[in-house]
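[1] Got a sequence here, can you model it:
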Amino acid sequence: MCARYPSAVSIAETNAESTEATAGVAGNQRLTNGTAALLFALLAVEGVTIVALDSMLPLHIFVGVVLVPPVLLKLASTGYRLLRYYRGSPPYVRRGPPALFLRLLGPLVVVSTGAVLATGIALLAVGPGDGMVATLHKASFIVFFGATGLHVLAHVRGVPAEAAADWRRSTRTPGAGSRRAVLVASLVVGVAIGALAIAYDGAWVHGGDDDRAVVVSH
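    Residues are numbered from 1 along each chain as shown. Prediction:
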């Protein structure tokens, strides 16, 4: 009986598939880190508004709403990586899971981020007032600040280079254009929704209540 050996064509096809799969992992990482860099910039602006909330409340509301689409994009890219890993996709398994500390911290980051954004949007709907929603917003922000701070410190050394790679001609890889488009689209959609929120929410932005800043301050 003659042994069957893989043909040159089948080997080439296998290598091509392996290379494409590996590129997919790298592309996922670049999208995740690019989104992380955008979120860091937006959160820095949001942090500045908290210091002077009396005079910067409209900007605080605007940036808070702008954050929503990039946050969803970050959750999608990170969740996709974890799904592929736990389903046994070879290139994602070879890359390995995040560090144990980050895997334990991740759910807290996700839940606190969702809570602070959801309660912030809820505050826009219910209007000024020192009620349960305002209390939950402040409490969730405290948890969010601590969890996200640790998350940022764990990634701060690797994110800048990865985030910039798709924007430099010399370091672009296949899919860079699509990743840039998705990232920019998340920001554009966020800006559009934020502008609508400012135009709609007269109670907070145009009401002139002296105590309004107290309710949403963290």
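[2] tell me what the host helix or strand of residue 145 is packed against?
    Using DSSP states H and E, residue 145 falls within helix 132-155. If contacts are counted by 3 or more Cβ pairs under 8 Å, 6 or more residues apart in numbering; DSSP states H and E, helix 132-155 sits against helix 8-51, helix 100-126, helix 212-216. C-betas here are computed from N, CA, C, even on glycine.
[3] For residue 144, find the nearest of the ones you listed.
    helix 100-126 (3.9 Å; Cβ to Cβ).
[4] Show me what that closest one is packed up against.
    helix 53-66, helix 68-86, helix 132-155, helix 212-216.
[5] any chance of those in a markdown table, plus mean neighbour count?
    Putting the helices and strands packed on helix 100-126 into a markdown table (neighbours: other Cβ atoms under 10 Å) gives the following:
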| stretch | mean neighbour count |
| --- | --- |
| helix 53-66 | 19 |
| helix 68-86 | 18 |
| helix 132-155 | 16 |
| helix 212-216 | 19 |
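[6] Dump stretch 186-196 to PDB, keeping only the CA atoms.
    C-alpha atoms of stretch 186-196 as PDB (Å, rounded to 0.1, in the frame of the first residue of the first chain):
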ATOM      1  CA  SER A 186     -17.600  54.400  16.300                       C
ATOM      2  CA  LEU A 187     -16.300  57.800  17.100                       C
ATOM      3  CA  VAL A 188     -18.500  59.600  14.400                       C
ATOM      4  CA  VAL A 189     -21.600  57.700  15.600                       C
ATOM      5  CA  GLY A 190     -20.700  58.600  19.200                       C
ATOM      6  CA  VAL A 191     -20.300  62.300  18.300                       C
ATOM      7  CA  ALA A 192     -23.600  62.300  16.500                       C
ATOM      8  CA  ILE A 193     -25.500  60.700  19.400                       C
ATOM      9  CA  GLY A 194     -23.700  63.100  21.800                       C
ATOM     10  CA  ALA A 195     -24.800  66.100  19.800                       C
ATOM     11  CA  LEU A 196     -28.400  64.800  19.900                       C
END
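[7] so how far is the very next helix or strand once past the helix holding residue 145 from its chain's centroid?
    As assigned by DSSP H and E, the chain's next helix or strand after helix 132-155 is helix 159-165. The chain centre lies 15 Å from the centre of helix 159-165; the measure is Cα atoms, centre = their mean, to the nearest Å.
[8] Likewise for stretch 177-191?
    For stretch 177-191, the distance to the chain centre is 12 Å (Cα atoms, centre = their mean).
[9] Spit out the contact partners of residue 71.
    Contacts for residue 71 (Cβ atoms under 8 Å, 6 or more residues apart in numbering) come out as 39, 113, 117.
[10] one step back: please identify the deepest-packed of the helices and strands packed on helix 132-155.
    Of all these, helix 212-216 carries the top mean neighbour count, a mean of 19, counting by mean count of other Cβ atoms under 10 Å.
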